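Participant: need a 3D model of the sequence below.
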Amino acid sequence: MFSTMDPLAGSRWSDPGTVAGFTKSAPNAVLLQFAEEEFRRSGRKYALDLDCGAGRNAVPIARLGWKVLGTDLSWPMLCAAARRTWEARLDDHLCLVLAPMERIPVRDRSVDLLIADGIWNLARSAAQFRRARREAARVAKSRAGLFVFTFSRNTFPPETEPVPGEPFVFTQFSGDPQCFLTETQLIAELDRVGFVPDPGVPIREYNRPQAGDLCSGAMPAIYEAAFRRAG
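Facilitator: Below you'll find the predicted structure:
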């Protein structure tokens, strides 16, 4: 890791309680299965975990044999991930870097597996979201896998309006601008940078409110899916 500056100092993402909670969080089981199958099927070895947090996914993926780069903007989260990496004796398989999602410190076409688990929904504008997905496409090798876990537009009733001038940015969930895409928008946005849906993890939606339910604001609807870099 480098730099002891914390761009998220004072935010909930660097709050000790939040960091402690993420340190105890279990990995995403669907992601781990996808990563294991990718490693066994292709023999490829370089993975990028965007917004790796305290390493809940990065550490077990490194344990599978991947060479993992984990990025995050919270210095305390990266410190927690570093402790987990050291405790698991995976220092030679997991490197951690303080970096934003739209400026990845990785050379072009060098990554075999990209993980965007709960990060792109934090983009504050469509422009930032699109810079991030272009960066993912830039670093992805041909046929690289991409695992996505992101907020769904179905979090809100159909009449809920996005931020003026924005196609899929809303503030009604947390008060902060965040991205909530429809399934069609998600597929189209990724298709524009060369990622197509992968049948290994078909698009699933979690926590979608039932008709007539009121949005409590406690839990967003979420899409989970795998994509693959074409060409």
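
Participant: ok, longest strand in this structure?
Facilitator: Secondary structure of the chain per DSSP state E: the longest strand is strand 140-151.

Participant: surely Asp91 meets Ala81?
Facilitator: No: if you go by Cβ atoms under 8 Å, Asp91 and Ala81 don't touch, sitting 11.7 Å apart. In short, each C-beta sits where N, CA and C put it, glycine included.

Participant: those two: which is more packed in?
Facilitator: The neighbour comparison of Asp91 against Ala81 (other Cβ atoms under 10 Å) goes to Ala81, with 27 against 11.

Participant: and Val193, what does it touch?
Facilitator: By Cβ atoms under 8 Å, 6 or more residues apart in numbering, Val193 lies in contact with Arg133, Arg134, Ala136, Ala137.

Participant: make it 6 Å
Facilitator: Shown in contact with Val193 (Cβ atoms under 6 Å, 6 or more residues apart in numbering): Arg133, Arg134, Ala137.

Participant: what about the helices in the protein?
Facilitator: 16-24, 29-42, 58-63, 75-87, 126-139, 183-191 (DSSP state H).

Participant: need the CA coordinates for the fourth one. CSV is fine.
Facilitator: Only the C-alpha atoms of helix 75-87 are listed here, as CSV (Å, rounded to 0.1, in the frame of the first residue of the first chain):
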residue,chain,number,x,y,z
TRP,A,75,-7.4,4.2,4.2
PRO,A,76,-8.8,2.5,7.4
MET,A,77,-10.5,-0.1,5.2
LEU,A,78,-7.2,-0.8,3.4
CYS,A,79,-5.4,-1.1,6.7
ALA,A,80,-8.0,-3.7,7.8
ALA,A,81,-7.6,-5.5,4.5
ALA,A,82,-3.8,-5.5,5.0
ARG,A,83,-4.1,-7.0,8.5
ARG,A,84,-6.4,-9.8,7.1
THR,A,85,-3.9,-10.4,4.2
TRP,A,86,-1.0,-10.7,6.7
GLU,A,87,-2.9,-13.0,9.0
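
Participant: buried sites along that helix?
Facilitator: Under the neighbour-count criterion of 16 or more other Cβ atoms under 10 Å, helix 75-87 has Trp75, Pro76, Met77, Leu78, Cys79, Ala80, Ala81, Ala82, Arg84, Thr85 buried.

Participant: could you list every helix and strand in contact with that helix?
Facilitator: With contacts taken as 3 or more Cβ pairs under 6 Å, 6 or more residues apart in numbering; DSSP states H and E, helix 75-87 sits against helix 16-24, strand 94-98.

Participant: what angle separates the last one from helix 75-87?
Facilitator: Between the direction of strand 94-98 and that of helix 75-87, the angle (axes from the mean of the first three to the mean of the last three Cα atoms, to 10 degrees) works out to 170 degrees.

Participant: follow-up on the earlier one: the longest strand of the chain to helix 29-42, inter-axis angle?
Facilitator: Put simply, strand 140-151 runs at 170 degrees to helix 29-42, going by the same axes, to 10 degrees.
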